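Q: Quick one, fold the following:
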Amino acid sequence: MTELITPELGAITTRGDVERLQTELAKLPQYEPITKHYFHGGMYCREVWRAAGVLVVGKVHRKEHFYLIASGTVLITGGGEAAKRVTGPTILLSMPGTKRAVYAETDVLCMTFHRTDATNVEAAEIELVEDDPLTTYGVGNQLRLKEVTA
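A: So this is what the prediction gives:
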């Protein structure tokens with residue numbers, strides 16, 4: 001994730017394209033989003049606030065889940081499709097193995113909803129998220145490197 005990038009997302013459609021973008025973004029100052037985690041009734045919800053101008057490369061999930069753009073407007077690419085503009089509230093179905101780049105055109109609230117018996121973030125991520133040595137984010141969206149832009 002990084003601020004102050006006007007992405008050319010139209011040409012980024014494959015997982016390889018998104019991974020190459022992620023490698024380039026990792027060279028820039030990073031943005032740590034406000035992330036909240038909720039566990040209830042065999043479900044896990046991750047709530048992520050993103051400021052306008054932030055470009056995110058997400059982690060790859062192992063299982064199908066819901067991806068909700070609760071408010072704001074984003075450009076989303078990956079999953080074999082050209083970039084599309086989505087304004088919340090909109091719910092998307094996310095398939096296993098999908099890796100996306102998401103650019104926040106406005107301040108945005110995004111949420112994912114997962115079925116799991118996990119009761120903490122660490123256990124949920126072990127179950128739900130593929131290992132990604134390229135990501136700048138550790139468990140719970142915490143930056144691995146602490147060079148952060150506000």
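Q: Point me to the residue sitting farthest from the middle of this structure.
A: G41 (23.6 Å; C-alpha atoms, centre = their mean).
Q: Which strands or helices does the lengthiest helix in the chain pack on?
A: Counting by DSSP state H, the longest helix found in the chain is helix 15-25. Here helix 15-25 touches strand 55-57, strand 73-78, strand 100-104, going by 3 or more C-beta pairs under 8 Å, 6 or more residues apart in numbering; DSSP states H and E. C-beta: built from backbone N, CA, C; applies to glycine.
Q: Check which helices and strands the first one sits against.
A: So the one you mean is strand 55-57. Against strand 55-57 (3+ C-beta pairs under 8 Å, 6+ apart) you get helix 15-25, strand 100-104.
Q: most neighbours per residue, which of the ones you listed?
A: The highest mean neighbour count among those, using mean count of other C-beta atoms under 10 Å, belongs to strand 100-104: a mean of 24.
Q: same question for it, mean pLDDT?
A: The average pLDDT within strand 100-104 is 89.
Q: Between strand 73-78 and it, find me the angle.
A: Strand 100-104 and strand 73-78 are oriented at 160 degrees to each other (axes from the mean of the first three to the mean of the last three C-alpha atoms, to 10 degrees).
Q: Just give me how far strand 100-104 sits from the chain centre.
A: 7 Å (C-alpha atoms, centre = their mean, to the nearest Å).
Q: Okay, now the unreliable bits of the protein?
A: Scanning the chain for pLDDT under 70 picks out the ranges 1-13, 79-80, 133-150.
Q: Walking through it, point out its strands one by one.
A: Assigned by DSSP state E, the strands in the chain fall at 34-40, 43-50, 55-57, 65-71, 73-78, 81-87, 90-94, 100-104, 108-115.
Q: Redo those as CSV? Include distance to E125.
A: Output for those, formatted as CSV (distance: least, C-beta to C-beta, whole Å):
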stretch, distance to E125
strand 34-40, 10
strand 43-50, 9
strand 55-57, 16
strand 65-71, 13
strand 73-78, 20
strand 81-87, 25
strand 90-94, 15
strand 100-104, 17
strand 108-115, 10
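Q: between these, which one is nearest to R15?
A: strand 73-78 (6.8 Å; C-beta to C-beta).
Q: Run through who's touching that closest one.
A: Residues outside strand 73-78 that contact it (C-beta atoms under 8 Å, 6 or more residues apart in numbering): 7, 9-10, 12-15, 17-18, 50, 83-88, 92, 98-106, 108, 110.
Q: Thank you, goodbye.
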